[in-house]
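Enquirer: With the input below, show me the fold.
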Amino acid sequence: MSPISSAGIEAQALLVAKGLNKRFGGLHALKDVSFTIRRGDVFGLIGPNGAGKTTLFNVMTSLYVPNSGSCTFQGRELVGLQPHEIARCGLARTFQNIRLFGSLTAIENVMIGQHIRTKTGLVGAVLRHQRCKDEEHRVEQRAYELLDYVGIEHRANEVASSLSYGDQRRLEIARALATEPALLALDEPAAGMNPAETVVLKELILKIRADGITVLLIEHDMKLVMGLCDYVLVLEYGQVLAEGKPRDIQSNPKVIEAYLGKGAAEEQLPPEATYV
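Expert: Predicted coordinates for the structure are as follows:
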């Protein structure tokens, strides 16, 4: 089979980052970071603590403005946009530390996630026009569908802060999905999960990808990353250390030494593991 042409690769590109740099005073947190996320992939972003992963996430979603470089999503430049504009473009994210509205119910949290797609303005909300009531009903029904999708519809009317840790993670994903993203960016979603919850998470991510949503995954659980991702980017000290398919990353001597530690790849990734 012939290799894919450069034109074919470009046609598949969903997000393209070129030469991203970010400094905090004397700290050069990102150094000329470039990569491409292809439509339909689960794209993994890994690296040691302090490698710049979350900084990169925050630059992509406009929480930070890069000192230089570009980041285009579906052909549109993201640098300079506000976070809510990023979400409207179709890029949704979750956070390393769960950020739910703890005093609201699960369904209310998901309904809030849909606000960037609603059309009723302030006047309609105050006067309670029929169009406003119809839209509110659709938003509520969609919220129930998303809670069912992530497997916690039975907790719809429970206060978010009362949910288990794993259910809170799934609720945060449901809220992100409510924005109707083309790319869902997950910042360490398996952090703090037990093995059973991690298995459920993996199945959910695969279902999301199967339904046409591209996934960007920052994660420290190497077994999850290597068994789930189509492509992996490795950062170290704010620079790209390596990139490629999981098998290539697992066997890369620089990655093993800098991130996994010598011998750790064999310890964490059993031979019988299945790679995507």
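Enquirer: Got phi/psi on the closest residue to residue 178 other than its chain neighbours?
Expert: Setting aside the residues directly before and after it, residue 178 is nearest to residue 113 in space (C-beta to C-beta, 6 or more residues apart in numbering), at 3.3 Å. In short, each C-beta sits where N, CA and C put it, glycine included. When read as degrees, to the nearest 10, the backbone of residue 113 gives phi -60, psi -20.
Enquirer: And for residue 164?
Expert: The phi/psi pair for residue 164 (degrees, to the nearest 10) reads phi -70, psi 160.
Enquirer: before we move on, the earlier item: tell me who's in contact with the residue nearest to residue 178.
Expert: Residues in contact with residue 113 (C-beta atoms under 8 Å, 6 or more residues apart in numbering) are 174-179.
Enquirer: give me that answer again for 6 Å
Expert: The contact partners of residue 113, taken as C-beta atoms under 6 Å, 6 or more residues apart in numbering, are 175, 178-179.
Enquirer: Return the member of those residues nearest to residue 75.
Expert: Ranked by distance to residue 75 (C-beta to C-beta), the contacts of residue 113 are led by residue 179 at 19.2 Å.
Enquirer: Which residue ranges of the stretch 1-150 of the chain form strands?
Expert: Counting by DSSP state E, counting those that start in this stretch, the stretch 1-150 of the chain has strands at residues 13-24, 27-38, 42-46, 68-73, 76-77, 91-93.
Enquirer: now the fifth one: mean pLDDT?
Expert: Put plainly, it is strand 76-77. The average pLDDT within strand 76-77 is 94.
Enquirer: was I right about residue 156 contacting residue 109?
Expert: No - using C-beta atoms under 6 Å, residue 156 makes no contact with residue 109, being 10.0 Å away.
Enquirer: which one of these two has more residues nearby?
Expert: residue 109 (24 against 18; other C-beta atoms under 10 Å).
Enquirer: Residue 152 and residue 100, how far apart?
Expert: Separation of residue 152 from residue 100 (C-beta to C-beta, to the nearest Å): 12 Å.
Enquirer: which one of these two has more residues nearby?
Expert: Set residue 152 next to residue 100 and count neighbours by other C-beta under 10 Å: residue 152 wins out with 22 against 19.
Enquirer: The more buried one and residue 234: what is the separation?
Expert: 33 Å.
Enquirer: count of neighbours near the nearest residue to residue 78 once chain neighbours are set aside?
Expert: The shortest distance from residue 78 to any non-neighbouring residue, by C-beta to C-beta, 6+ apart, is to residue 71 (4.7 Å). Counted with other C-beta under 10 Å, the neighbours of residue 71 add up to 26.
Enquirer: Quickly list what residue 71 is bridged to.
Expert: Beta-bridge partners for residue 71, by DSSP bridges, are residue 17.
Enquirer: Can you pull the phi and psi angles for the residue nearest the centre of the chain?
Expert: For the chain, the residue nearest the mean C-alpha position is residue 185 (1.2 Å; C-alpha atoms, centre = their mean). Torsion angles at residue 185 (phi, psi; degrees, to the nearest 10) stand at phi -100, psi 120.
Enquirer: Can you give me every residue that contacts it?
Expert: Residue 185 neighbours (C-beta under 6 Å, 6+ apart): 93, 216.
Enquirer: go with 7 Å
Expert: Residues near residue 185 by C-beta atoms under 7 Å, 6 or more residues apart in numbering: 57, 61, 91-93, 216.
Enquirer: now the residues you listed in TSV, with pLDDT, neighbour count and distance to residue 227?
Expert: Converted to TSV, those look like this (pLDDT from 0 to 100; neighbours: other C-beta atoms under 10 Å; distance: C-beta to C-beta, whole Å):
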residue	pLDDT	neighbour count	distance to residue 227
57	90	22	22
61	89	19	26
91	95	28	25
92	94	24	24
93	91	23	22
216	97	24	17
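Enquirer: Residue 87 touches residue 179, doesn't it?
Expert: Yes - Residue 87 is in contact with residue 179 according to C-beta atoms under 7 Å; the separation is 5.1 Å.
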